[in-house]
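>>> predicted model, plus sequence, below.
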Amino acid sequence: MGIQLRYKSASQAHVAGSTLTFKNWIPRRGPTGGRVVVDRFWPVFTGTDVDVAGTAVEGEDCWRFFRRILVEQVDGRQRWNLTGDESRVACYLLMGSDRVPEFADLAIANNQTPSFMIPIPMAKRFTKRPKDYSLPAELLSRFAIDCADAAEVGVAGGTIGIVGSYYVIAECHEEKSIELKCEDEVKAFVLANTSGGQLVVGGRLTDLSLFQRAASGGGSLANLTDVRIDQAVPDALLRNPDLKEMYAAARYAAHNLPSTDGDPIHNDPHTLATMVACPVLWSTEESSAVDGPVLDETIVRLTNSVPSLEAIYRVVVPKSHGLALGVMRRHGLRDDSFRMKTKGKTKRDPGKWAPHEAVFLPASAPDKNGPPG
């Protein structure tokens, strides 16, 4: 895969409630001529004059400086579409508690200059081949950040003044082949009522957490008792201990005992004593893009009295046919140039690809214009 590459966008000034769009800062070819592929984005907020009055901003709520984050492909597919605090929950779910930054509380004071840098993962750590989901730079349409306003950051009631700017770092690698990658979507949906609701899937549902947006990183889920999901979790599993303890073991958070915000021991919202996120589904290192049923929709069923619960979830979706054709034209490739990377072996004859494999699994072809080998 070569060396790790990092490309930094130009900065754009914070304008409350506006959308900042970052495009065309990542080269399509790396220093050795390979195809550049994004593994992770790091959006950064740099404050030059942040005033906090009345109530301090909890470290968990500093993610709210990013009001919404959107990663969009050239075909319009939204690979990531979450608010800042939703992104925090999703990062713990998808990356593990040892990979997610936390921040110290923002104290009551004027003229502060805080900086916050958060990860947006394209490669999925807890899958069989994490970089199968990385995003080729040529397929990125835009990375967008909605700037926070005072009410979004001062969710606990404080008065906030914000002067600062945003930029994005893309953490990438080079590849010596042209891959049609797996595609997924990370998004959120507010359930219809306290007993659950219908969830639009449109692919394979791999990861899901329940969350209530509120101050201090989220509202308590103490009144959420158990969860069932049609076709995925048929038996009611208790929020605690069933789901919490299984998740903690799977995500290396079994001994996650948080102390001060910003300390090296992180505050995974799924494993805190007062849980503010409930893990329901999570992928593992053996998870493949063809594992599990393909669903148009499913029903989330709860024993619960917490209102306005959100499902924050990841879906592996069928690859875009139009996007694949565009890649093939751009690189002068044909169908028979590709070999498919299945779970067990490589299939070189497209005529033998099963339909369910062709639309979900990655395929690779020689890079005619890249470096040899």
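That came through fine. Numbers count the residues shown, from 1 in each chain.
>>> what about the strands in the stretch 51-200 of the chain?
Ranges of strands within the stretch 51-200 of the chain are 66-73, 78-82, 109-112, 115-117, 120-121, 135-136, 140-147, 159-161, 164-175, 177-180, 183-190, 196-211, based on DSSP state E, counting those that start in this stretch.
>>> just put those in TSV and tack on mean neighbour count, mean pLDDT and distance to residue 308.
For the C-beta atoms, the positions are set from N, CA and C on the backbone; glycine is no exception. Shown next, in TSV, are the strands of the stretch 51-200 of the chain (neighbours: other CB atoms under 10 Å; pLDDT from 0 to 100; distance: least, CB to CB, whole Å):
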stretch	mean neighbour count	mean pLDDT	distance to residue 308
strand 66-73	20	98	17
strand 78-82	20	98	16
strand 109-112	12	97	31
strand 115-117	16	97	25
strand 120-121	24	98	24
strand 135-136	23	98	31
strand 140-147	20	98	20
strand 159-161	18	94	23
strand 164-175	21	98	28
strand 177-180	20	96	39
strand 183-190	20	98	6
strand 196-211	21	97	10
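>>> quick one: which of those is nearest residue 16?
strand 140-147 (5.8 Å; CB to CB).
>>> and the closest one, which strands flank it?
strand 19-22 (antiparallel), strand 66-73 (antiparallel) (DSSP bridges).
>>> what's the distance between the residue nearest to residue 331 when sequence neighbours are not counted and residue 291?
Excluding its sequence neighbours, the residue lying closest to residue 331 (CB to CB, 6 or more residues apart in numbering) is residue 178, at 5.0 Å. According to CB to CB, to the nearest Å, residue 178 stands 25 Å off from residue 291.
>>> can you check residue 125 too?
16 Å.
>>> where in the chain is the helix or strand with the lowest mean pLDDT?
Within the chain, no helix or strand scores below strand 346-347, which has a mean of 69 by mean pLDDT, DSSP states H and E.
>>> returning to what we had before: Throw the strands paired with strand 140-147 into a markdown table and include distance to residue 281, thanks.
As requested, these are exported to a markdown table (distance: least, CB to CB, whole Å):
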| stretch | distance to residue 281 |
| --- | --- |
| strand 19-22 | 31 |
| strand 66-73 | 21 |
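>>> before we move on, the earlier item: what's the closest of the strands of the stretch 51-200 of the chain to residue 30?
When the strands of the stretch 51-200 of the chain are ranked by proximity to residue 30 (CB to CB), strand 164-175 comes first, at 3.9 Å.
>>> pLDDT weak spots in the stretch 201-350 of the chain?
Applying pLDDT under 70 to the stretch 201-350 of the chain flags residues 253-266, 343-350.
>>> tell me where it has strands.
224-229, 233-238, 277-281, 295-304, 310-317, 339-341, 346-347.
>>> just put the ones you listed in CSV and tack on distance to residue 115 and mean neighbour count.
Output for these, formatted as CSV (distance: least, CB to CB, whole Å; neighbours: other CB atoms under 10 Å):
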stretch, distance to residue 115, mean neighbour count
strand 224-229, 35, 20
strand 233-238, 39, 14
strand 277-281, 25, 26
strand 295-304, 37, 17
strand 310-317, 25, 23
strand 339-341, 39, 20
strand 346-347, 44, 14
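>>> need these in TSV (columns: distance to residue 59).
Shown next, in TSV, are the strands of the stretch 201-350 of the chain (distance: least, CB to CB, whole Å):
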stretch	distance to residue 59
strand 224-229	24
strand 233-238	29
strand 277-281	16
strand 295-304	27
strand 310-317	20
strand 339-341	40
strand 346-347	46
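>>> to residue 72, which of those lies closest?
strand 310-317 (13.9 Å).
>>> given the closest one, what are its sheet partners and their directions?
strand 183-190 (antiparallel), strand 196-211 (antiparallel).
>>> which of these sits closest to residue 324?
strand 183-190 (10.1 Å).
>>> that closest one vs strand 295-304, what angle?
Angle of strand 183-190 versus strand 295-304, following axes from the mean of the first three to the mean of the last three CA atoms, to 10 degrees, is 40 degrees.
>>> start at 44, not 1
New numbering, starting at 44: the last item is strand 226-233.
>>> what lies in contact with strand 226-233?
Outside of strand 226-233, the residues within contact range by CB atoms under 8 Å, 6 or more residues apart in numbering are 116, 120-126, 129, 133, 137, 167, 176, 242-243, 246, 249, 254, 351-363.
>>> let's see 6 Å
123-125, 129, 133, 176, 353-355, 357-360, 362 (CB atoms under 6 Å, 6 or more residues apart in numbering).
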